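Enquirer: quick check, what structure comes out for this input:
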Amino acid sequence: MNGRCVLVTGGAGFIGSNLANRLAEENDVIAVDDLYLGTPENLDERVEFHDSSVLDDDDLPADVDVLFHLAALSSRPMHEEDPARGARINVEGFINTVEQVRERGCETVVYASTSSIYGDQTEPSRESMDVTARTGYEASKLARERYGEYYSEFHGMNVAGMRFFAVYEGFSGAEEHKGEFANLITQFAHRLANGERPDIWGDGTQTRDFTHVDDIARGLELAADHELDGVYNLGTGESHSLNELVARLNDVLGTNIEPTYSENTMTNYVHDTLADASKMREATGWEPRIGFEEGLRTVCAPYLDDQ
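Expert: As a prediction, the model looks like this:
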């Protein structure tokens, strides 16, 4: 993608800022964020930043060629604290923003959905599978997907929903501001590097398809380049248990710290995730480039440099 005007909502957040900075190399990029969890410090100076909410009316700073809608209450706990607010931001905010760009002639939208809607899956999850809203957060993302269908079918737009799998980068990147909401790779690495025991809910056998944010940002760009429509998985197709994660982080950091285990009392907890990204690969040629071991080394490198 080059030479286009691009709007990234949630653009000062973790995934949003990584995408905005990537696209700013060859495009005019506008990042909109209400700074609930984002910070302008994540952004390259070439990105035009606006402190604004996706719920604001008629507040877009310019006509845009492509909308990347990443703004959301991006985790289950955030949403369950206030489900009504979660629905306003995750659903109404999506509609409000797409309406504004559509009325100005934008025909390409790429937005964030979630792999959580697959529930527990030890076999690769395909986009054609039946999905269920087990939490308010999942309901809001499924509603977003249905509205994506509406804008595609009724207005003839190219609207692609990307179902992310366990995205991480590390506290040395744009994930630091997320704190307790950061990916488990990031949280566990930070605790181990500081001589602390990571806490695991349950017995540690739960698995995640950990996907590096660089691969996610590249996938988002490809979705826009190919004017995709529908929903697509972005995940590596490999899963690793939390026990394995702690062991491998100990190896990389040169530590030997055992985790603690706490009772998992969360209702409808997703125990296992695993992506089938063949639909995305066939549509765009996208493949994850950063494997699990390389990703752990990248996350841990700043701690080793400080030693």
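Enquirer: neighbours around Gly204, how many?
Expert: Look at Gly204: counted by other CB atoms under 10 Å, it has 17 neighbours. For glycine as for every other residue, the C-beta is placed from the backbone atoms N, C-alpha and C.
Enquirer: which ones are touching Asp209?
Expert: Counting by CB atoms under 8 Å, 6 or more residues apart in numbering, Asp209 makes contact with Ser115, Phe165, Ala166, Gly235, Thr236, Gly237, Glu238, Ser239, Thr273, Leu274, Ala275.
Enquirer: what do you get for Phe94?
Expert: Val54, His69, Tyr111, Arg144, Tyr147.
Enquirer: among those residues, which are located in helices?
Expert: Arg144, Tyr147 (DSSP state H).
Enquirer: most neighbours of all the contacts of Phe94, which one?
Expert: Within those, Tyr111 tops the neighbour count with 27 neighbours, counted by other CB under 10 Å.
Enquirer: give the rounded mean pLDDT of stretch 5-22.
Expert: When pLDDT is averaged over stretch 5-22, the result is 97.
Enquirer: shift numbering so it begins at 51
Expert: That works, and once the first residue is 51, the last one we named lands at stretch 55-72.
Enquirer: wait, doesn't Leu303 sit right on Ala243?
Expert: Yes. Using CB atoms under 8 Å, Leu303 is in contact with Ala243, at 5.6 Å.
Enquirer: between these two, which one's more packed in?
Expert: Neighbour count, other CB under 10 Å: between Leu303 and Ala243, Ala243 has more, with 22 against 18.
Enquirer: the more buried one reaches Tyr353, doesn't it?
Expert: Yes. When contacts are counted by CB under 8 Å, Ala243 is listed as touching Tyr353 (3.8 Å).
Enquirer: okay, and the common contacts of the two?
Expert: By the contact definition CB under 8 Å, 6+ apart, Ala243 and Tyr353 are jointly contacted by Leu303.
Enquirer: report the buried residues of the lowest-mean-pLDDT helix or strand in the chain.
Expert: Lowest on mean pLDDT, DSSP states H and E among the helices and strands of the chain sits helix 126-131, with a mean of 80. Across helix 126-131, burial judged by 16 or more other CB atoms under 10 Å covers Arg126, Met128, His129.
Enquirer: give me the common contacts of Leu303 and Ala243.
Expert: Common neighbours of Leu303 and Ala243, counting by CB under 8 Å, 6+ apart, are Cys350, Tyr353.
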